[in-house]
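*Asks:* this is a predicted model, with the sequence first.
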Amino acid sequence: MIRGPASSPVTTIFESTSRRAQARGAINLGQGFPDFPEPAELLEAAASAVRGRSNQYPAMRGLPALREAIAAYYRRTQGLAIADDEIVVTSGGTEALAAAFLALLEPGDEVILVQPLYDSYLPMVELAGATARLVDLQPPGWTLPIDALEAAISPRTRLIVLNTPHNPTGTALDSGTLEAIGALCERHDLLLLCDEVWEATLLDGAPHVSPLHVASLRNRTVKIGSAGKIFALTGWKVGWAVAAPALANAIAARHQFLTFTTAPSLQWAVADGLALSETWHDAHRARFSAARDHLTAGLGAAGYRVLPARGTWFVTVDLAASGLPPDDVVIAERMIDEAGVAAIPVSAFYAERAQKNYLRFCFAKESGVLDTAIERLSDFRGRIA
Ligand code: GLN
């Protein structure tokens, strides 16, 4: 029998929900991908690179032009100074995470993960032979309890993993929290892996805060980025890891035996995209803000309690506060089958399926699609609440 790592399902919740939604013809607000028109500038750039440039192996650490563009993008948008030897381009954020886990961990190490957590973290920690200790965010504000984080540190702890902005809750860490985590990492000599793939999705104009902004964390942090998320081209699988040279070298050493490189045409297009003006990036983001506000207002009017989300493409609904049974897997299945709308049960983001009171909805869909989903969900709630 084919098995995944010990505590992971054989098929991810995103894949299984999408397949179920497809089989039932349901509107898919589950897996995070937009249905907006794809950015024409990037499609053109990729097409012309396929025709006009080399399609052979690019440099293992990424096209120099893309690494330059990533550094310039972070200088312009986040005020970060990043050198060329601090960047490793990968086949998506997921590969960057995998390479980082394999580079930073040794069998027997402990890693602190924060729940709800993205579904690849725990299996990758296990594949690296390490053990996870889990710390829970506290709903409904989903705050990170620093005392619980500190209590989870043992002499074997090597790494803390953070995700900001956070999937599935849409919250983001502030600099005070990152400073406190920096003090912990310094005191206990820990590394930090920070999944920042949603960094361009802060929907209310707030600046993104990275651990790389915190002096004590600058050389202890691996920052993960994703062009798929920045440009809403999730199938492109162009991502990167950014870290001090010694860490970046270790990650590159893993990356070369995972995928080695990623499609050069897509790397050229991403380099062009990162150089697009702030006006372009702001207009791109505005579509997502409008969609978030649309779904939040619509579900709210239909009697659902929607928690505020600052970033990502997701909002979460509190089932009990919406008058629904707090059993997210059952409700998600009934929603697909009876209402024709798919969402992701937030318990899938917990190792022990501990928290069952929330459902995650992807709002990155055309208005008409959201309107139909809201109408169906309004009927659904009327029937079972
Ligand atoms: N990041 C996407 C989400 O949270 C899913 C990616 C995947 O399907 N593996 O929906």
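*Replies:* Received, thanks.
*Asks:* use CA for all of it now, contacts and neighbours both
*Replies:* OK.
*Asks:* state the pLDDT value of residue 5.
*Replies:* Residue 5 carries a pLDDT value of 48.
*Asks:* who's in contact with the residue in the stretch 251-385 of the chain that the ligand sits nearest to?
*Replies:* Residue nearest to the ligand within the stretch 251-385 of the chain (CA to the nearest ligand atom): residue 362, separated by 7.7 Å. Shown in contact with residue 362 (CA atoms under 8 Å, 6 or more residues apart in numbering): 29, 30, 31, 32, 33, 313, 314, 315, 343.
*Asks:* just among those residues, which is most surrounded?
*Replies:* Within those, neighbour counts (other CA atoms under 10 Å) peak at residue 313, which reaches 29 neighbours.
*Asks:* which residues touch that one?
*Replies:* By CA under 8 Å, 6+ apart, the neighbours of residue 313 are 32, 170, 201, 288, 292, 362, 363, 364.
*Asks:* just to revisit the earlier point, so which of the contacts of residue 362 are also by the ligand?
*Replies:* Among the contacts of residue 362, the residues that sit close to the ligand (CA under 6 Å from any ligand atom) are 31, 32.
*Asks:* pLDDT and secondary structure added to the contacts of residue 362, as CSV?
*Replies:* Shown next, in CSV, are the contacts of residue 362 (pLDDT from 0 to 100; DSSP: H, G, I helix; E, B strand; the rest coil):
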residue, pLDDT, secondary structure
29, 98, coil
30, 97, coil
31, 94, coil
32, 95, coil
33, 94, coil
313, 98, coil
314, 98, strand
315, 98, strand
343, 98, coil
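*Asks:* max pairwise distance over the contacts of residue 362: which two?
*Replies:* The most widely separated members of the contacts of residue 362, counting by CA to CA, are 33 and 315 (13.6 Å).
*Asks:* next one: residue 174 from the ligand, what distance?
*Replies:* 22 Å (CA to the nearest ligand atom, to the nearest Å).
*Asks:* ends of stretch 30-43, what's the gap?
*Replies:* For stretch 30-43, the separation between the terminal residues is 25 Å (CA to CA, to the nearest Å).
*Asks:* and it, what's buried?
*Replies:* Within stretch 30-43, the residues that count as buried by 16 or more other CA atoms under 10 Å are 30, 31, 32, 33, 34, 42, 43.
*Asks:* for those, which one is nearest residue 299?
*Replies:* residue 30 (15.3 Å).
*Asks:* shouldn't that closest one be in contact with residue 18?
*Replies:* Yes: the pair residue 30 and residue 18 passes the contact test of CA atoms under 8 Å, sitting 6.8 Å apart.
*Asks:* shared neighbours, these two?
*Replies:* With CA under 8 Å, 6+ apart, residue 30 and residue 18 have common neighbours residue 342.
*Asks:* which strand or helix spans the residue nearest to residue 81 when sequence neighbours are not counted?
*Replies:* In this structure, residue 81 finds its nearest non-sequential neighbour in residue 75, 5.8 Å apart by CA to CA, 6 or more residues apart in numbering. Here residue 75, judged by DSSP states H and E, is contained in helix 64-78.
*Asks:* tell me which stretches of the protein form helices.
*Replies:* 13-24, 40-52, 64-78, 92-104, 121-127, 146-151, 175-188, 227-230, 245-258, 264-274, 278-301, 328-334, 367-384 (DSSP state H).
*Asks:* okay, buried residues for the third one please.
*Replies:* By that I understand helix 64-78. Within helix 64-78, the residues that qualify as buried are 64, 66, 67, 68, 69, 70, 71, 72, 73, 78, counting by 16+ other CA under 10 Å.
*Asks:* which helices and strands sit right next to that helix?
*Replies:* If contacts are counted by 3 or more CA pairs under 8 Å, 6 or more residues apart in numbering; DSSP states H and E, helix 64-78 sits against strand 87-90, helix 264-274.
*Asks:* how does it look with 7 Å?
*Replies:* Applying 3 or more CA pairs under 7 Å, 6 or more residues apart in numbering; DSSP states H and E, we find helix 64-78 packed against helix 264-274.
*Asks:* name the surrounding residues that touch the helix it packs on.
*Replies:* 42, 45-46, 49-50, 55, 58, 63, 65-66, 69-70, 73, 227, 238 (CA atoms under 7 Å, 6 or more residues apart in numbering).
*Asks:* which pair of the residues you listed spans the longest distance?
*Replies:* Among the contacts of helix 264-274, 55 and 73 lie farthest apart (CA to CA), at 24.8 Å.
*Asks:* so which helix or strand of the chain has the lowest pLDDT on average?
*Replies:* helix 13-24 (a mean of 94; mean pLDDT, DSSP states H and E).
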